[in-house]
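Q: here you go, sequence then predicted model.
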Amino acid sequence: MSLLINKVPKVRGKLVSNADISSTSWFKVGGPIELLFIPEDLLDLTEFIENLSMEIPIFVIGALSNTLIRDGGVKGIGIKLDEKFSKIKINNDYIEVGASLLNMKFAKYAQKKQVYGYEFLSGIPGTIGGSIKMNAGCYGREMSDILHEVTIIDRINGLCNLSSKKLDMTYRNTKVSRDTIIISAKLKYYKDNIRSINKFNIKEERIKSQPINKLTGGSTFKNPKGYKAWKLIEDAGCRGLSLGGAKVSEMHTNFIINYKNATANDIEALGNIVRQKVYENSGIKLEWEILKIGFSNKGSIS
Ligand SMILES: Cc1cc2nc3c(=O)[nH]c(=O)nc-3n(C[C@H](O)[C@H](O)[C@H](O)COP(=O)(O)OP(=O)(O)OC[C@H]3O[C@@H](n4cnc5c(N)ncnc54)[C@H](O)[C@@H]3O)c2cc1C
C-alpha cells in the first residue's frame, strides 16, 4: 500500500508520516496522525490545498487544548500552523492576529498596549484559530463578541475573507467545517470599555477553581440550557470517579484529568459513563464539548 506522503503535492514546508503529536496535546494521549503538514508560509499552504486531491481528508491542529486524539490515531492530513502564522498587526480599525497565536500571548500583548476587551482570552489555553472554531469564551465574553472577519482557506473557494456573521457562532459552536483553515482574524476594538485589564486576574481566579495545571481538555461537556454541567455531574455522584488512568476532577467535576498514564479510551469511556449517570439521575443528556478525533484502538469510528 502506498504511503499518503507519496500522494500529496510537493511542498517547501515539513511533511511527517505517522506523526506522534500526543506530547503536544493537553491530555498527553492519542495515536499518530497519518501525515502532518507544517507549511512554510501562506503560499505553500494555498498551493498545497489547491493541488490536493479532494478525496484526502484534512483537519487543522491548534494547541490541542480542546481535542482528544483517539488511541488508534487519525487518518488523513493534520495541518499545523506554526509561529509564522502568529503575527499581530494593529491598525486604526482592527487588530489583525494570526490563527496560530496563543490566546494567552495575545491577551498579554493587549494588556501591554492597554487595549481593552480581550482579557477573557487570558483564561483560555489554545490558539486564536481554535478559539474561533469553538467560539470559546469565559466570564461572559466569547469569540463572537470580538470577531469581525476571518481570512480562511476553503477547499472549494481557496483563500478568502469571511465576515464573522457567516460563521453562525453560537455557544461553543460555529459553522467552520473540518475542511476550512483559518489563517488570521480581524478583531474589533472595544474603545468604550473602561474596565482595567489588571482588575480581573483570570488566571489566578482559575487556579483556585479549575485543575488548569493538570493534563486535561478543559470543560468536558457543554452546559445544557438552564443548567451547569458540573452541578449535574456532582449530583450524579461522579466527583472523583475514575477509570484506568482517567478521573473526574475533585476540584471541578466538569473536568476529566489524565492523572495516571491514561489512554484516550480511558478518558472517552469515563466521559460516557458520566453522561449515562447524569442521564439516569436527571434525565438530561450532556453533550461533549471536547472534540474527539480518530479511531479507537479497535479500529472503530465513533
Ligand atoms: C485548562 C483548560 C481550560 C479551558 N478553559 C476554557 C474556557 O474557559 N472556555 C472555552 O471556551 N474553552 C476552554 N478550554 C478549551 C480550549 O482551550 C478552547 O476550546 C480553545 O479555543 C481551543 O483552541 P485550540 O487551539 O487548542 O484548538 P484545538 O483543540 O487544537 O482544536 C479545536 C478545533 O478547532 C479546530 N482548529 C484549530 N485551529 C484551527 C484553525 N487555524 N483553522 C480552523 N480550525 C482550527 C480544530 O480542527 C478543532 O476542530 C479550556 C481548555 C483547557 C485545557
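A: Thanks, I have it.
Q: switch to C-alpha atoms for all contacts and neighbour counts from now on
A: Will do.
Q: flag every residue of the stretch 51-200 of the chain that's near the ligand.
A: With Cα under 6 Å from any ligand atom as the criterion, the stretch 51-200 of the chain comes near the ligand at residues 59-67, 99, 123-127, 129-131, 133-134, 136-138, 180-183.
Q: confidence-wise, which helix or strand of the protein is lowest on average?
A: Ranked by mean pLDDT, DSSP states H and E, the helix or strand of the chain with the weakest confidence is helix 202-209, at a mean of 79.
Q: after that helix comes which helix or strand?
A: strand 216-219 (DSSP states H and E).
Q: how about Ile58: what's its closest non-neighbour residue?
A: Distance criterion Cα to Cα, 6 or more residues apart in numbering; nearest residue to Ile58, sequence neighbours excluded, is Ile77 at 4.7 Å.
Q: over to Ala246?
A: Asn258 is the one closest to Ala246 (Cα to Cα, 6+ apart), at 4.7 Å.
Q: which segments of this protein make up each domain?
A: Annotated domains of the chain cover 4-83, 85-197, 202-293 [automatic domain parsing].
Q: any chance of those in a markdown table with mean neighbour count as columns?
A: Below are the domains of the chain laid out as a markdown table (neighbours: other Cα atoms under 10 Å):
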| stretch | mean neighbour count |
| --- | --- |
| domain 4-83 | 18 |
| domain 85-197 | 18 |
| domain 202-293 | 18 |
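Q: any idea which of these scores lowest on pLDDT?
A: With a mean of 91, domain 85-197 has the lowest mean pLDDT of the domains of the chain.
Q: related to what we said a few turns ago, ok, the residue nearest to Ala246 - contacts?
A: Residues in contact with Asn258, defined by Cα atoms under 8 Å, 6 or more residues apart in numbering, are 27-28, 214-216, 245-247, 267.
Q: again, but for Ile284
A: Contacts for Ile284 (Cα under 8 Å, 6+ apart) come out as Val278.
Q: flag every residue of the stretch 201-302 of the chain that's near the ligand.
A: By the rule Cα under 6 Å from any ligand atom, the part of the stretch 201-302 of the chain lying against the ligand is 212, 216-218.
Q: where does the residue nearest to Ile58 land in three-state SS?
A: Classification of Ile77 using DSSP: H, G, I helix; E, B strand; the rest coil returns strand.
Q: from here on, count from 259
A: From this message on, residue numbering opens at 259, which makes the last subject Ile335.
Q: go ahead and confirm it touches Ile291.
A: Yes. Applying Cα atoms under 8 Å, one finds Ile335 in contact with Ile291, separated by 7.2 Å.
Q: for the nearest residue to Trp284 once chain neighbours are set aside, what are phi and psi?
A: Leaving aside its sequence neighbours, Trp284 sits nearest to Ser323 (Cα to Cα, 6+ apart; 5.1 Å). Dihedral pair for Ser323: phi -100, psi 0, per degrees, to the nearest 10.
Q: from the contacts of Asn516, pick the one nearest Lys550.
A: Nearest to Lys550 among those is Ile525, at 10.4 Å by Cα to Cα.
Q: quick check: the closest one touching Ala504?
A: Yes. Ile525 lies in contact with Ala504 (Cα under 8 Å); the separation is 5.4 Å.
Q: which residues do those two both contact?
A: Shared contacts of Ile525 and Ala504, counting by Cα under 8 Å, 6+ apart, come down to 514-516.
Q: can I get those in JSON lines including secondary structure?
A: Output for the shared contacts of Ile525 and Ala504, formatted as JSON lines (three-state DSSP):
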{"residue": "Ile514", "secondary structure": "strand"}
{"residue": "Ile515", "secondary structure": "strand"}
{"residue": "Asn516", "secondary structure": "strand"}
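Q: which residues touch the least confident helix or strand of the chain?
A: Residues from elsewhere that reach helix 460-467 (Cα under 8 Å, 6+ apart): 377-378, 380-381, 470-471, 509-510.
Q: excluding chain neighbours, give the residue nearest to Ile411 in space.
A: Counting by Cα to Cα, 6+ apart, the residue nearest Ile411 is Leu417, at 4.4 Å.
Q: helix or strand: which one has Phe306?
A: Residue-wise, Phe306 maps onto helix 300-309 under DSSP H and E.
Q: that helix packs against which elements?
A: strand 416-421 (3 or more Cα pairs under 8 Å, 6 or more residues apart in numbering; DSSP states H and E).
Q: picking that back up, just checking the distance from the helix or strand following the helix holding Phe306 to the centre of its chain.
A: Tracing the chain C-terminally past helix 300-309 and defining elements by DSSP H and E, one meets strand 316-319 next. Computed by Cα atoms, centre = their mean, to the nearest Å, the chain-centroid distance of strand 316-319 equals 11 Å.
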